[in-house]
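Undergrad: missing the sequence, but the structure's below:
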């Protein structure tokens, strides 16, 4: 090890692996992953969220996690976004493409993608 | 891409309750469910809640599963990891007061056990994989060494450690920065850094857990100490009885060498440092600093008189800095975050946090780290979860066989070095043994003394013979043969041993006797004058009797008695022959009518 830069490079590379354990993020993205959710295609949605959050280095801000059935099976895959001090946002009938849009506009930009939320069904 | 991580405790406690099997089972189940790409299994160091092991934590939600069995793994993988449904029956949900829980998702930091803790020395234990240097670096590992070598002079490093107020965590409480400055001042062609990991107090396992859970922080801290004091070599003296700790430390040293974090010209600063492990055979006296160095040199582990102090003439006759594992574990954080980070915690004269190993009659046996100044009551009742079976707290022993006991009246004192010494106990390395009403204090003093009699190295007479004579007096007392004169002799002998022994082992050996005598004199008097053991422990002072009014003559007791001491005919009250009775108590447990009792 000859410089601090080398050390920083390793830290950078490893950050994604340990950031999950710190739990300091203030936005929680919860994907419904019960049988109904999985059947409706929640798995690729979840994976898209995880990949996007990691590749765009949002890990310290956003936690992606999963939950069971919340009871609106006909609207699955359901994704809920919790943010401290804000009202919960519920996205329904999600796909990987929609997930990318939510990451871009909502998680990064702070604008709820109204057309995918439950109130627009 | 990994979306969830399963952390499984690989400390000695959880390993012995089967965590290694859990890891293989988790790996198999994750593979079977096609989650290998999404879920990562990590073996970590000790989480602290050893009583509830094996412990498993699932991130990102931080769900805390306790006492997980191999059969439970399938359910956790299929329910939690696949479908996101927490397996509630396994969740440890003793939630601290005032904590709101969302969706039944109890996270580690909400539990009573963790809520009052503050983790500095243990910050990475149970969080990172101790065998992966990259994970340590991701948690700011080696950044403190980098900062010290590239931005600070050795004097500045020592000044920060001085300002932090860190005191030696091995028991004595000597200011660490001051210790470093002594070695730094002495000129020599070679100096050494020694880490004392010879943890010998019965019931103490703080150092083991740090070495098992975060070995790199010791490597880093010793290198920083080497830079500050001008030493280029370090030795870690660790007991051979800690195989997991030794293996992980060895790997840490090798990985650090491979990255050039040990070796020549670290961070291009011209500073060279390398580290070696020496295994101890387990003699208690080798925890004493001069005996430890004698042992590293390859000689019989015996202490040598001080002065000269190690800072002048230590290992191989060269200036040496010796610190305990926990002391070193605090160093990287202090260098990285500054002295204020550390000295903002704790009391006026004891800064920072202290790790305690909770043991004895307490619900949450395990490892806790609390800010100095926390009261004994908070540790025992809140964090430790109180005494099992609704029994009453009687006393807590701190400092193991060198320390003293704190009775119930001291529950509200704030724990720091000076308060404990003022109460006739000591901080010690951090063993905290809790005793309930069923513990006989004379017997406890005898227990600790037996340990020091065994462990006395024999070099000086007061310790070698004095502790033996003292033990014999205690034996007389617990056998009901003691006199009031014996109590006076006992006290005088204690002071003689304390004043005349060569090293810390002998100087502190009488402490358990003196402190129990001070706090529980009535129990000693009861043993000597009334020939009675109030707690019902000392067998020679007990008699087991059958109440003839309650005895129905069922013969159950006579049948269970291993020595045939109980006689009587069916449907008539039985009697115990006291000359045959060995006071095992088997009859008491067997009697359905509550007719048999200890007196």
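TA: Nice, I can see it. Predicted, not measured: the structure shown is a model, and the values here were computed from it.
Undergrad: quick check: residues of chain A near chain B?
TA: Within chain A, the positions lying close to chain B (CB under 8 Å from any CB of the partner chain) are A:1-4, A:7, A:10-11, A:13-18, A:20-21, A:23, A:31-35, A:37-38, A:46-47, A:50-51, A:54, A:63-68. Where you see a C-beta, it was placed from the backbone N, CA and C, and this is true even at glycine.
Undergrad: which of these are buried? Put it as a ChimeraX command.
TA: Buried members of these, identified by 16 or more other CB atoms under 10 Å in any protein chain shown, are gathered into one ChimeraX selection as follows:
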select /A:1,4,7,10,11,14,15,16,17,18,20,21,23,31,32,33,34,37,38,46,47,50,51,54,63,64,65,66,67,68
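Undergrad: narrow the residues of chain A next to chain B to those in helices?
TA: Restricting the residues of chain A next to chain B to those inside helices, with DSSP state H as the criterion, leaves A:4, A:7, A:10-11, A:13-18, A:35, A:37-38, A:46-47, A:50-51, A:54.
Undergrad: and residue B:406, that's in a helix?
TA: No: looking at residue B:406 with DSSP: H, G, I helix; E, B strand; the rest coil, it is strand, so not inside a helix.
Undergrad: contacting residues for it?
TA: Taking CB atoms under 8 Å, 6 or more residues apart in numbering or on different chains as the criterion, residue B:406 is in contact with B:376, B:395, B:396, B:397, B:398, B:413, B:420, B:423, B:425.
Undergrad: surely the fifth one meets residue B:410?
TA: When you say that, I think you mean residue B:398. No: applying CB atoms under 8 Å, one finds residue B:398 not in contact with residue B:410, separated by 10.4 Å.
Undergrad: what about the two, which has more around it?
TA: The residue with more neighbours, out of residue B:398 and residue B:410, is residue B:398; 26 against 19, by other CB atoms under 10 Å in any protein chain shown.
Undergrad: what's the helix or strand for residue B:178?
TA: Assigned by DSSP states H and E, residue B:178 belongs to helix B:176-185.
Undergrad: just checking, next helix/strand downstream of that helix?
TA: Per DSSP H and E, the first helix or strand lying C-terminal to helix B:176-185 is strand B:192-197.
Undergrad: which SS state does residue A:94 fall under?
TA: Classification of residue A:94 into helix, strand or coil gives coil, according to three-state DSSP.
Undergrad: roughly how far does it sit from residue B:82?
TA: Between residue A:94 and residue B:82 the computed distance is 18 Å (CB to CB, to the nearest Å).
Undergrad: then residue B:256?
TA: In this structure, residue B:256 lies at 38 Å from residue B:82, with CB to CB as the measure.
Undergrad: just the mean pLDDT for stretch B:418-427, thanks.
TA: Averaging pLDDT along stretch B:418-427 gives 88.
Undergrad: need the distance between the two termini of it.
TA: 9 Å (CA to CA, to the nearest Å).
Undergrad: list the buried ones in that stretch?
TA: Neighbour-count burial for stretch B:418-427, counted by 16+ other CB under 10 Å, picks out B:419, B:420, B:423, B:424, B:425, B:426, B:427.
Undergrad: do stretch B:425-437 as well
TA: Residues of stretch B:425-437 classed as buried by neighbour count (16+ other CB under 10 Å): B:425, B:426, B:427, B:428, B:429, B:430, B:431, B:432, B:433, B:434, B:435, B:436.
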